[in-house]
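>>> How does the following fold in three dimensions:
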Amino acid sequence: MLKEILNDLTPTNTTLVAVSKTRPAPAIVKLYDQGQRIFGENRVQELTWKYEELPKDIEWHLIGHLQTNKVKFIAPFVSMIHSVDSLKLLKEIDKQAVKNDRVIEVLLQFHIAEEDTKFGLSPKEATEILNSDFYKNAKNIKVVGVMGMATFSPDPVQVRKEFKSLKSIFEKLKMDFFEGQDDFKEISMGMSGDYKIAVEEGSTMVRVGSLLFR
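Sure, this is the predicted structure:
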């Protein structure tokens, strides 16, 4: 299935994050042996043991909700954190990145779904973060884009509408805060059931799990 998904993504140069949460190491190695190098986890404890056990050229992404007291465990190695949903969390990531002499790439997570969810910024909250003195002076974090999850719905019209809204948020932030900054380029949206719609709506990074690990 990996080959088929990559064929779907190749025309738009969209990055595949293989969501390996709850999957055993041998299943991850199977995809690794087929050339997949970017894997996403949503729990810190699981991510840390997989980092220790699996090949060191894997690029690990934290895609789930992240508590501030757990940032220190992944700061030494994580490649990207998709789920920044507060200024408090961003400050802690910067603090731990300084301790590890690293610059950590992050995405701002937005609440775009109509269903209730605990996590995700509003455009107003994101603007406040990007206007803050902390952000303007931070040297060890790099905001490289946005992330969002559509409503879990069989209605493609609704899903497409929500992806369009994330794309428009990205474009507004690009214009207001990141104009001329090539690093601000990622729109992480689309999962196993809706990644094709996400790509059509401008996704640069899809998070696919169940289709790959069947």
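
>>> Please state the backbone phi and psi of M205?
Here is the backbone geometry of M205 (degrees, to the nearest 10): phi -150, psi 120.

>>> Surely it and T12 touch.
No: contact criterion Cβ atoms under 8 Å: M205 and T12 do not qualify, at 10.8 Å. The way it works is simple: take the backbone N, C-alpha and C, and place the C-beta from them, glycine included.

>>> of the two, who's got more company?
A direct count of neighbours by other Cβ atoms under 10 Å for M205 and T12 places M205 higher, at 26 against 12.

>>> Now do the more buried one against V17, distance only.
Remark: distance between M205 and V17 (Cβ to Cβ, to the nearest Å) = 6 Å.

>>> Likewise for F178?
Distance from F178 to V17, by Cβ to Cβ: 22 Å.

>>> So for the longest helix seen in the chain, what gets flagged as buried?
Determined from DSSP state H, the single longest helix within the chain is helix 156-177. Within helix 156-177, the residues that count as buried by 16 or more other Cβ atoms under 10 Å are V159, R160, E162, F163, S165, L166, K167, I169, F170, L173, K174, F177.

>>> Spit out the residues that contact M205 and V17 alike.
Contact criterion Cβ atoms under 8 Å, 6 or more residues apart in numbering; residues shared by M205 and V17: S188.

>>> thinking again about what came up before, for the longest helix of the chain, the distance to its chain's centre please.
15 Å (Cα atoms, centre = their mean, to the nearest Å).

>>> and whichever helix or strand comes after that helix, what does it pack onto?
Downstream of helix 156-177, the next assigned helix or strand under DSSP states H and E is strand 186-188. Identification of packing neighbours for strand 186-188 by 3 or more Cβ pairs under 8 Å, 6 or more residues apart in numbering; DSSP states H and E yields strand 141-148, helix 156-177, strand 205-208.

>>> Give the partner strands of the first one in its sheet and their orientations.
Yep, that's strand 141-148 we're talking about. strand 104-110 (parallel), strand 186-188 (parallel) (DSSP bridges).

>>> Give me the distance between the residue of the chain positioned farthest from its centre and Y32.
Distance to the chain centre peaks in the chain at D133, reaching 24.5 Å (criterion: Cα atoms, centre = their mean). To Y32, D133 is 42 Å away according to Cβ to Cβ.

>>> and the most centrally placed residue in the chain, which of the three is it?
Centrality entry for the chain: nearest residue to the mean C-alpha point is H82, 2.9 Å, by Cα atoms, centre = their mean. Secondary structure for H82, judged by DSSP: H, G, I helix; E, B strand; the rest coil, is strand.

>>> M147 is in contact with that one, correct?
Yes: between H82 and M147 a contact is recorded at 4.4 Å, counting by Cβ under 8 Å.

>>> just so I know, which of the helices and strands packed on strand 186-188 lies nearest N7?
Nearest to N7, of all the helices and strands packed on strand 186-188, is strand 205-208, at 13.1 Å by Cβ to Cβ.
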